[in-house]
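Q: Return a 3D structure for these sequence lines:
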Amino acid sequence: MTTHVPAAAFDLTAAKAAEEGRWRRYAQRLSPLCGTLAGEFRRRSVQQGIVPLAVFARADGTNLILAIPPGADYPLLLADDGKLSPVLEFSGPDEPGPERLIGDLAVPAAGDAVIYTLDADGSDRYLVRVRFLGGRGRPRTLATDAGPSLAWDPGSERVLFTALNATLRPATVCSVGLAGGAAEPIYTAAGDSQYLDVRASSDGTRVLVTEQTHSSSRVWLLGEGGRRFLPLSPPGADGGLVRADCWAGRIALIQMGASQADRLYVAGGWPPAGHEALLPPVPWRAAYQAPDGACLEDLACAADHVLVVERTAGGCRLIRVDLAGRPATPVTVGGVSAAQPAGKSSIQLIPGTRRGDGSAEVIRESWQSPATWFRSSPDGRTAWPVAALGQTPAPSVRPSAELEVTGLTVPSAGGLNVPVTLLRPPGRGEPLPTVLYAYGSYGVPVDPGYNPFRESLIDRGVAFAIAHVRGGGDLGSGWHEAGRGLRKPDAVADYLAAARYLVDQRWAPDGQIVARARSAGAVVVGAAINQAPTLFRAAVLETPFLDCLQRLLDPDAALVSTDWDEWGNPGTDSEARAMLTALSPLDNVRPAEYPAILLTAGERDTRILAAEPLRFAAAVRAATTSARDILVRIDDTGHLGHSAETLDNQDEADILAFILDQLGLARPGEDSR
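A: Numbers count the residues shown, from 1 in each chain. Predicted coordinates:
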């Protein structure tokens, strides 16, 4: 093990200057290739159809749509008047700061005001803002240092949002009026690891408050004008995640990740209007149980049915649960049956408030085809592409015949099989250089989805693979539990097994795998590189979590108390400390032949400070026995990168140029097309 420079003794200013110089010299040589790549991304972007970030029904029956139109950099609020007329822009002099990261948005039923959270500088500290439609006055900031979520409470006619504590944890639900003034705290999270989320029910009549960790949650229904929290707990609840929705007095709730199979529960007519203070027991009825090998993820309640997103083997389908007791049926989305082979597409319910007929907005996408917007029929049996906007959805940018998708099953530690998705150019039977991506934390899945950046690799003969390692949510909450806490090293074993399998089965040549991860995924991938550095030709680690032991020992670090649920608390748990000591990428750099490495850092990143990737780069540079490039690309972003698509394209062009260069496939002399 190599002893790295302690954080307190690290000269951050000098390190930044040195790394910026290294990157500038390296990138200059590849600038024509970067221009070509950015041009390819831009052309693909403008070919895609509009996909809403949220949809809000107004009292007059029309919708307001939050979306980033093809070719635009920032979100717009659009009216569904057949022409998608802009109603509000979230750029320009009316908004503060260099970034436009919209966390959440609410539209009161009258539809004359828009309330939203805005991260204006990438620091994860949101402003609560209100703007009135029709040019009535300038935007107003209602609160600062807020979390991303908010909701409009029609009972109190006030805005509910989450306030951040000193570690950026959304720890308190607050209420504020549209006229501004002091925010009123109405609920504080019970423990140091819990964080809060507020959201409106999809009919816009209720507010749901969720208190959660990364592995468990509980939900309250807000009543009595924001003065009463009514608990929503299914019968026999024993932990796990809960998600709820309301529609016209009916409540639906899914229980995920408990010891039993995921279930949908429903209740009607609760709480009785005007009698919330009595806290009657919820008359829950079990309406649906996920079949073996499946799990439930999201729901949208309607008058006579509930739409449920069900995950099976890495893909999703939409299920209609009939509240009259008839059997649940798969929903046909765009003429495609949900009985299609698992793993082919993902389904997402678009947030917001819905039309009076209960129809839901849905997004479907696949590895080959970009996201397409659908709307379910009022009876919930079918969903069709939205055509009310005077346009039809854009065709797939890449026909499926031009991209081969192969699902692999890789044996790993403990006798478990790990799914790996392999994307390759068609008709290429020989081993191809391969980028291998993984995340494997917080129960977050890597779902089927179109990526315009990947195409530029595949067009140049580079395959892209996703290792769906333990710790992610790719196979449900049990898969998350299998790679959480003391089991986190199993996620590393999964990633190494996937890399070796690609070589052994001649999908990739030996020495031609590029590791890639971002944020918490860098713990898994960084540890894998330390354990088997010669397995990889290069690695890209974006805003990477690399000093996990020391960060988790610091109770004042951003969001660290919420992270203890995922990683363990090394300050109080000796087993967690031993595991993290052996796992932490920064603490386990050793003399070896390391691959070329590109790390990215954001000056405004409050989750992963720039010092972390800078110290890792210094440690690897001091330990490696190879002469390969060790580089750090630093910019002025936060943890999530730039909000402007143009800048985001440039960031990705730099990364892909690095990958192609390290694989010997760069064409530095090509001009921007």
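Q: Could you report the neighbour count for residue 235?
A: 12 (other Cβ atoms under 10 Å). In short, each C-beta sits where N, CA and C put it, glycine included.
Q: so who does it touch?
A: Contact analysis of residue 235 by Cβ atoms under 8 Å, 6 or more residues apart in numbering lists 265, 284.
Q: right, and the secondary structure at it would be what?
A: Using DSSP: H, G, I helix; E, B strand; the rest coil, the secondary structure recorded for residue 235 is coil.
Q: So what are the sheet partners of the one helix or strand in the chain whose mean pLDDT sits lowest and their directions?
A: One helix or strand of the chain scores below all others by mean pLDDT, DSSP states H and E: strand 228-232, with a mean of 85. Applying DSSP bridges to the sheet, strand 228-232 is found paired with strand 217-223 (antiparallel).
Q: so how far is the strand it pairs with from its chain's centroid?
A: Chain-centre distance of strand 217-223: 23 Å, with Cα atoms, centre = their mean, to the nearest Å.
Q: Which residues does it contact?
A: 153, 155, 160, 206-212, 228-233, 240-244, 246, 251, 253, 271, 276.
Q: need the contact list for the residue nearest to residue 184 when sequence neighbours are not counted.
A: Of all residues not flanking residue 184 in the chain, residue 175 sits nearest, at 4.8 Å (Cβ to Cβ, 6 or more residues apart in numbering). Shown in contact with residue 175 (Cβ under 8 Å, 6+ apart): 153, 156, 158-160, 183-184, 186, 226.
Q: same question, residue 126
A: 103, 117-119, 145-148.
Q: How confident was the prediction at it?
A: Note for residue 126: predicted pLDDT of 97.
Q: do residue 314 as well
A: Reported pLDDT at residue 314 in the predicted model: 62.
Q: Could you shift the numbering so residue one becomes 28, and keep it that way?
A: Happy to do that; since the first residue is 28 now, the last one works out to residue 341.
Q: how far does stretch 350-357 sit from the chain's center?
A: Centroid separation for stretch 350-357 versus its chain: 31 Å, with Cα atoms, centre = their mean.
Q: mind listing what the host helix or strand of residue 626 pairs with, with the direction of each?
A: Assigned by DSSP states H and E, residue 626 belongs to strand 623-629. Using DSSP bridges, the strands paired with strand 623-629 in its sheet are strand 565-569 (parallel), strand 657-662 (parallel).
Q: Quick check: residue 51 is in a helix.
A: Yes: assessed with three-state DSSP, residue 51 lies in a helix.
Q: Please report how far it lies from residue 284.
A: For residue 51, the distance to residue 284 equals 47 Å [Cβ to Cβ, to the nearest Å].
Q: repeat for residue 175
A: 23 Å.
Q: Of these two, which one has the most company?
A: residue 284 (22 against 17).
Q: quick one, what contacts the more buried one?
A: If a contact means Cβ under 8 Å, 6+ apart, then residue 284 has 242-243, 266-268, 322, 503-505, 507-508 as its contacts.
Q: Looking at pLDDT only, which of those residues scores worst?
A: Pick the lowest pLDDT in the contacts of residue 284 and you get residue 266, at 76.
Q: neighbours around it, how many?
A: Residue 266, neighbours per other Cβ under 10 Å, totals 13.
Q: wait, doesn't it sit right on residue 260?
A: No: when contacts are counted by Cβ atoms under 8 Å, residue 266 is not listed as touching residue 260 (11.0 Å).
Q: shared neighbours, those two?
A: Common neighbours of residue 266 and residue 260, using Cβ under 8 Å, 6+ apart, do not exist here.
Q: what's the helix or strand for the residue nearest to the spatial centre of the chain?
A: Nearest residue to the geometric centre of the chain (Cα atoms, centre = their mean): residue 471, 7.1 Å. Assigned by DSSP H and E, residue 471 falls within no helix or strand.
Q: check contacts around it.
A: 499-500.
Q: could you list every residue that touches residue 579?
A: 587, 590-591, 594-598, 607.
Q: Among these, which one has the most neighbours?
A: Going by other Cβ under 10 Å, residue 594 tops those with 26 neighbours.
Q: Quick check: it vs residue 659, distance?
A: For residue 594, the distance to residue 659 - Cβ to Cβ - is 24 Å.
Q: so residue 325 sits right up against residue 333, yeah?
A: No: in this structure residue 325 lies outside contact range of residue 333 using Cβ under 8 Å: 10.6 Å.
Q: who has more neighbours, the two?
A: Ranked by neighbour count (other Cβ under 10 Å), residue 325 and residue 333 place residue 333 first, with 26 against 19.
Q: check contacts around the more buried one.
A: Taking Cβ under 8 Å, 6+ apart as the criterion, residue 333 is in contact with 272, 279, 291, 293, 314-315, 326-327, 347-348, 350.
Q: so how many other residues sit close to the nearest residue to residue 384 once chain neighbours are set aside?
A: In space, and not counting its chain neighbours, residue 384 is closest to residue 405: 4.1 Å by Cβ to Cβ, 6+ apart. Here the count is done by other Cβ under 10 Å, and residue 405 has 16 residues near it.
Q: And the pLDDT for residue 405?
A: For residue 405, the model assigns a pLDDT of 93.
Q: So it sits against residue 387, correct?
A: No: look at residue 405 against residue 387 with Cβ under 8 Å: they stay out of range, at 9.8 Å.
Q: Overlap in contacts, these two.
A: Residues touching both residue 405 and residue 387 by Cβ under 8 Å, 6+ apart: residue 329.
Q: Report the strands that pair with the helix or strand the residue nearest to residue 211 falls within, each with its relative direction.
A: Using DSSP H and E, residue 202 falls within strand 197-204. Applying DSSP bridges, strand 197-204 is found paired with strand 185-191 (antiparallel), strand 207-215 (antiparallel).
Q: Walking through the stretch 328-477 of the chain, point out its helices one by one.
A: Per DSSP state H, counting those that start in this stretch, the stretch 328-477 of the chain carries no helices over any range.
Q: Mind listing what's buried along the host helix or strand of residue 526?
A: Assessed by DSSP H and E, residue 526 sits inside helix 515-531. Across helix 515-531, burial judged by 16 or more other Cβ atoms under 10 Å covers 515-526, 528-530.
Q: Where does the prediction get shaky in the stretch 278-427 of the chain?
A: 285-286, 297-307, 341, 363-370, 414-427 (pLDDT under 70).
Q: So which residues of the stretch 378-527 of the chain form strands?
A: Taking DSSP state E, counting those that start in this stretch, the strands of the stretch 378-527 of the chain run over residues 379-380, 388-393, 399-403, 409-412, 431-438, 444-451, 461-464, 490-494.
Q: Which strands and helices lie in contact with the fourth one?
A: Judged by 3 or more Cβ pairs under 8 Å, 6 or more residues apart in numbering; DSSP states H and E, the packing partners of strand 409-412 are strand 359-360, strand 399-403.
Q: Against which helices or strands is the first one packed?
A: Put plainly, it is strand 359-360. strand 409-412.
Q: and the strand it packs on, how far from the chain's centre?
A: Mean-position distance between strand 409-412 and its chain equals 25 Å (Cα atoms, centre = their mean).
Q: got a list of what residue 536 touches?
A: Shown in contact with residue 536 (Cβ under 8 Å, 6+ apart): 458-460, 530.
Q: That concludes my questions; thank you for your assistance.
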